[in-house]
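>>> sequence and predicted structure below; questions after.
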Amino acid sequence: MYNSDKVIVGIIIFILFFTLPFWLNFGRAKALPRPELPSDTKECVESREYMRAYHMKMLLDWRDKKVREGQVYYINSQGKFFKMSLQNTCMKCHKSMEKFCDRCHSTISAHPDCWRCHIAPEEVKKWQ
Amino acid sequence: MAISRRDFLKVIGITGVTSAVATIGGVLIGRGEDILKEIKPASKVRWAMAIDTRQFKTDEDFQKVIEACHKAHNVPNIPDPIRQVKWIWVDTFEKAFPTIEHEYISEEIKKRKVLLLCNHCDNPPCVRVCPVKATFRRPDGVVVQDMHRCIGCKFCMAACPYGSRNYNFYPPREFLSQVNPEYPTRTTGVVEKCILCYERLDEGKQPYCVEASEGKMFFGNLNDPDSPVRKAILENIVIVRKPELTTKPMVFYII
C-alpha cells in the first residue's frame, strides 16, 4: 500500500472523530428517565419487568377487548381481576401523567396520543 | 372388437347423466354445508328502549335526562347550532316523525316534544358505510363508535337518517363547563354519538338516561318476554322513526 503510514493515521483520526460523542459521554448516563412510582402500592397489574417491556401492548389489548369485544375485566398472571381502564385503573395509582408517563416518553421521543381524548389527572384540575 | 355406434352413444349418455347429477348434487350439498356454517346462533340479548312521550311534559323532564347523559360522557356544549355536539336531544313531533305527521292529527300530539337519540338500528346504515370499521354493531345490538379508529370522514353522518351523529369541529374540551374524570372526552376530527352506555350494560347497569328519567323510559332485552321494554311495547301503541327506511330502529316511542 502506498503512503500506508499516512493512510492508517488518517483512518484512526477519522474513527476517533466519528465516535467522539461516545467517548465524551463514556460512563456518565445522565439523562436516564426516572418515572415517579406510586408510594402507596407496590404491585402493578403485572410484574415490573413485564410492565416495562409490554405496557404499550397491554394497553392496546385492553382497548380492543373493552371497546370491541365488550369485556370488562383483565385477569392477570396471578388470577387477580382488574377493570380495564386507563383513566380508572392505571391512573388511580399512577396519579400523574407528567411525572410518570411523560418522563420516559419525552426522553425517547415517543408521543402516544392517549391524552388527546383521555383526561389526565392534571387536566382534571383545570375544571375544579 | 370395435364398439358399435349404438353402444358408444349409450356409454356417453350414461356418463354424461351421472356426472351431471353428481356435479349438481355435490354443489347443492356443498352449498348446504356452507349455508349451515354461515348461520350463527342469534344473540340472546338485544337491547332496546321505549320512550313514553306522554310522560315527558315540561322542559325540566327533558333537561334532567339530557344533562345526566351529557355530564357523564363529557359532551361539549357548543353554542353554534350547526356544529354542535349532542348525544340525546329534543325536537318536535313533526321533525322526529316527518312521514307520520299529518294535517289532521290531534293538536296535542303535534305540539308534543320528543326525546331523540341514536336508534341503535338492527340494520345500521352508518356501520355499512364506515371505511375503517370504527362504527360497528355489537352482538347485543348496540351500535358503538370506536373513537380510536375514527378518521373523521363523516360518511356515517351522511348515512344516518336520524341525525344522531355529530362531528367535532371544535376542540371539545374548550366547551366543557365541568368534566367527569372517569370518562374520556373526544378530540377534534372524530364523529361521536350515543353508545347506549355499553360500558354500563357490560357491568349490568342501565343507561344514564333511563336512570335519570325515573320511569319515563323503559329499557331491557327485547328477546326476553318479561323485560320492561317488551311489556311497554305490548301494552302501548308504539311507533319508530322512519320505519320505511328499513333500518329497524330499536328505540320505540309510546304515543
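It's in.

>>> how about B:Arg46: what's its closest non-neighbour residue?
Leaving aside its chain neighbours, B:Arg46 sits nearest to B:Leu222 (4.3 Å; criterion: CB to CB, 6 or more residues apart in numbering or on different chains). Yep, even glycine has a C-beta here, placed from its N, CA and C like the rest.

>>> burial check on the one you found, number of neighbours?
When neighbours are defined as other CB atoms under 10 Å in any protein chain shown, B:Leu222 has 19 of them.

>>> shouldn't it be in contact with B:Met49?
No. Counting by CB atoms under 8 Å, B:Leu222 stays clear of B:Met49, with 9.5 Å between them.

>>> any low-confidence regions in chain B?
Applying pLDDT under 70 to chain B picks out residues B:1, B:28-43.

>>> now the strands for it?
B:47-52, B:88-92, B:113-117, B:135-137, B:143-145, B:166-167, B:191-192, B:217-221, B:238-239, B:251-254 (DSSP state E).

>>> and the third one, what does it pack onto?
Taking 3 or more CB pairs under 8 Å, 6 or more residues apart in numbering or on different chains; DSSP states H and E as contact, the helices and strands that strand B:113-117 lies on are helix B:59-72, strand B:88-92, helix B:93-96.

>>> now render those as a markdown table, adding mean neighbour count and distance to chain A.
As requested, the helices and strands packed on strand B:113-117 are arranged in a markdown table below (neighbours: other CB atoms under 10 Å in any protein chain shown; distance: least, CB to the nearest CB, whole Å):
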| stretch | mean neighbour count | distance to chain A |
| --- | --- | --- |
| helix B:59-72 | 17 | 12 |
| strand B:88-92 | 17 | 20 |
| helix B:93-96 | 18 | 30 |
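
>>> does the nearest residue to B:Pro124 once chain neighbours are set aside have beta-bridge partners, and which?
Counting by CB to CB, 6+ apart, B:Val143 is the residue found nearest to B:Pro124 once chain neighbours are left out, at 5.0 Å. With DSSP bridges applied, B:Val143 shows beta-bridge pairing to B:Arg137.

>>> tell me the contacts of the residue nearest to B:Val144 when sequence neighbours are not counted?
Leaving aside its sequence neighbours, B:Val144 sits nearest to B:Ile195 (CB to CB, 6+ apart; 5.3 Å). Residues near B:Ile195 by CB atoms under 8 Å, 6 or more residues apart in numbering or on different chains: B:Cys118, B:Val142, B:Val143, B:Val144, B:Gln145.

>>> tell me the phi and psi of the most centrally placed residue in chain A?
Geometric centre of chain A, nearest residue: A:Cys104, 4.5 Å, by CA atoms, centre = their mean. Phi and psi for A:Cys104, reported as degrees, to the nearest 10, are phi -70, psi -50.

>>> could you measure from it over to chain B?
22 Å (CB to the nearest CB, to the nearest Å).

>>> I'd say that residue and A:Pro35 touch.
Yes. Here A:Cys104 reaches A:Pro35: they are 5.7 Å apart, a contact under CB under 8 Å.

>>> and the nearest residue to B:Glu174 once chain neighbours are set aside, how many neighbours does it have?
What sits nearest to B:Glu174 in space, not counting adjacent residues and going by CB to CB, 6+ apart, is B:Pro76, at 7.6 Å. Residues lying near B:Pro76 (other CB under 10 Å) number 21.

>>> and for B:Tyr208?
The burial count for B:Tyr208: 20, using other CB under 10 Å.

>>> contacting residues around it?
B:Ala68, B:Cys69, B:Ala72, B:His73, B:Cys197, B:Arg200.

>>> picking that back up, and the residue nearest to B:Pro124, what does it touch?
Contacts of B:Val143 by CB under 8 Å, 6+ apart are B:Cys118, B:His120, B:Cys121, B:Pro124, B:Cys126, B:Val127, B:Thr135, B:Phe136, B:Arg137, B:Ile195, B:Leu196.

>>> which of those count as buried?
B:Cys118, B:His120, B:Cys121, B:Pro124, B:Cys126, B:Val127, B:Thr135, B:Phe136, B:Arg137, B:Ile195, B:Leu196 (16 or more other CB atoms under 10 Å in any protein chain shown).

>>> for B:Glu103, phi and psi?
Phi and psi for B:Glu103, reported as degrees, to the nearest 10, are phi -50, psi -40.

>>> contacts for the helix or strand harbouring A:Glu122, please.
Here A:Glu122, judged by DSSP states H and E, is contained in helix A:121-125. By CB under 8 Å, 6+ apart, the surrounding residues in contact with helix A:121-125 are A:Met91, A:Lys95, A:Ser96, A:Met97, A:Glu98, A:Trp115, B:Arg173, B:Val179, B:Pro181.

>>> in that helix, what counts as buried?
Residues of helix A:121-125 classed as buried: A:Pro121 (neighbour count, 16+ other CB under 10 Å).

>>> just stretch B:235-242 next, same as before
Buried, per 16+ other CB under 10 Å, within stretch B:235-242: B:Val238, B:Val240, B:Arg241, B:Lys242.

>>> how many other residues sit next to B:Arg165?
23.

>>> that one contacts B:Val190, doesn't it?
No. Assessed by CB under 8 Å, B:Arg165 is found out of contact with B:Val190, at 10.5 Å.

>>> then the lowest-mean-pLDDT helix or strand in chain A to CSV, C-alphas only?
Lowest by mean pLDDT, DSSP states H and E among the helices and strands of chain A is helix A:20-24, with a mean of 86. Taking Å, rounded to 0.1, in the frame of the first residue of the first chain, the C-alpha atoms of helix A:20-24 are listed here in CSV:
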residue,chain,number,x,y,z
LEU,A,20,-16.2,11.4,19.7
PRO,A,21,-19.7,11.8,21.4
PHE,A,22,-19.5,8.2,22.6
TRP,A,23,-16.1,8.8,24.3
LEU,A,24,-17.1,12.1,25.7
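
>>> from chain A, how far out is the residue nearest to B:Glu174?
B:Pro76 is 12 Å from chain A, where distance means CB to the nearest CB.

>>> quick one on the thing from earlier: in JSON lines, list the strands of chain B along with distance to A:Lys80.
Putting the strands of chain B into JSON lines (distance: least, CB to CB, whole Å) gives the following:
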{"stretch": "strand B:47-52", "distance to A:Lys80": "30"}
{"stretch": "strand B:88-92", "distance to A:Lys80": "37"}
{"stretch": "strand B:113-117", "distance to A:Lys80": "37"}
{"stretch": "strand B:135-137", "distance to A:Lys80": "30"}
{"stretch": "strand B:143-145", "distance to A:Lys80": "28"}
{"stretch": "strand B:166-167", "distance to A:Lys80": "39"}
{"stretch": "strand B:191-192", "distance to A:Lys80": "33"}
{"stretch": "strand B:217-221", "distance to A:Lys80": "31"}
{"stretch": "strand B:238-239", "distance to A:Lys80": "46"}
{"stretch": "strand B:251-254", "distance to A:Lys80": "39"}
